[in-house]
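S.K.: this one's structure only:
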């Protein structure tokens, strides 16, 4: 499996809030214990913190204060997963967005990154309507549709 798939699978395992030994995680993911430690570091760089326990019954567990899993409901969790896939696949997304300033609007965005700010999930994306990068709160996206149309990464150099 890919590194990203392994990290996501590790998160899924740890989601039960139990302490899992490094060796059991390595065995389940079919990687070395060293890779499990590397995955922990990468998760922490992404803002997902794991508690470490030492000793005979030691291992990792998700920190109870973690905001990563605080997606309010199943609809938002589904939106998060779909938006994450759109980022990876570089698909444009058509959204109906409720803005405080301009009310309801329909936009086509090029999603780039999902992040938490003050306990709310946001997506950073290029907005075709405004022709600039904007931040959209997931709670304010009323409808969304992943389009088959791809977008080009601004950092990609054409040859």
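M.R.: Okay, I see it. Computed from a prediction, not measured in an experiment: that's the story for all the values here.
S.K.: stretch 92-109: end-to-end distance?
M.R.: 6 Å (CA to CA, to the nearest Å).
S.K.: do the same with stretch 9-22
M.R.: For stretch 9-22, the end-to-end distance is 14 Å (CA to CA).
S.K.: same thing with stretch 40-54?
M.R.: Termini of stretch 40-54 sit 15 Å apart (CA to CA).
S.K.: show me what counts as buried in that stretch.
M.R.: Of all the residues in stretch 40-54, those buried under the rule 16 or more other CB atoms under 10 Å are 40, 43, 48, 50. No exception for glycine: its C-beta is placed from N, CA and C like everyone else's.
S.K.: which element is encountered next along the chain beyond the longest helix that the chain contains?
M.R.: Counting residues, the longest helix found in the chain (DSSP state H) is helix 74-89. Next in sequence after helix 74-89, counting helices and strands by DSSP states H and E, comes strand 91-99.
S.K.: what sits up against that following strand?
M.R.: Applying CB atoms under 8 Å, 6 or more residues apart in numbering, the external contacts of strand 91-99 come out as 83, 85-86, 104-111, 125, 128, 136, 140-151.
S.K.: how far off helix 74-89 does the helix or strand following it point, in degrees?
M.R.: Next along the chain after strand 91-99, taking DSSP H and E as the criterion, comes strand 103-117. Here the directions of strand 103-117 and helix 74-89 differ by 80 degrees (axes from the mean of the first three to the mean of the last three CA atoms, to 10 degrees).
S.K.: the helices in the chain, which residues?
M.R.: Under DSSP H, the chain gives helices at 3-14, 22-29, 33-45, 74-89.
S.K.: what lies in contact with the third one?
M.R.: Residues external to helix 33-45 that are found in contact with it (CB under 8 Å, 6+ apart): 3, 6-7, 10-11, 22-23, 25-26, 29, 49-50, 52, 60.
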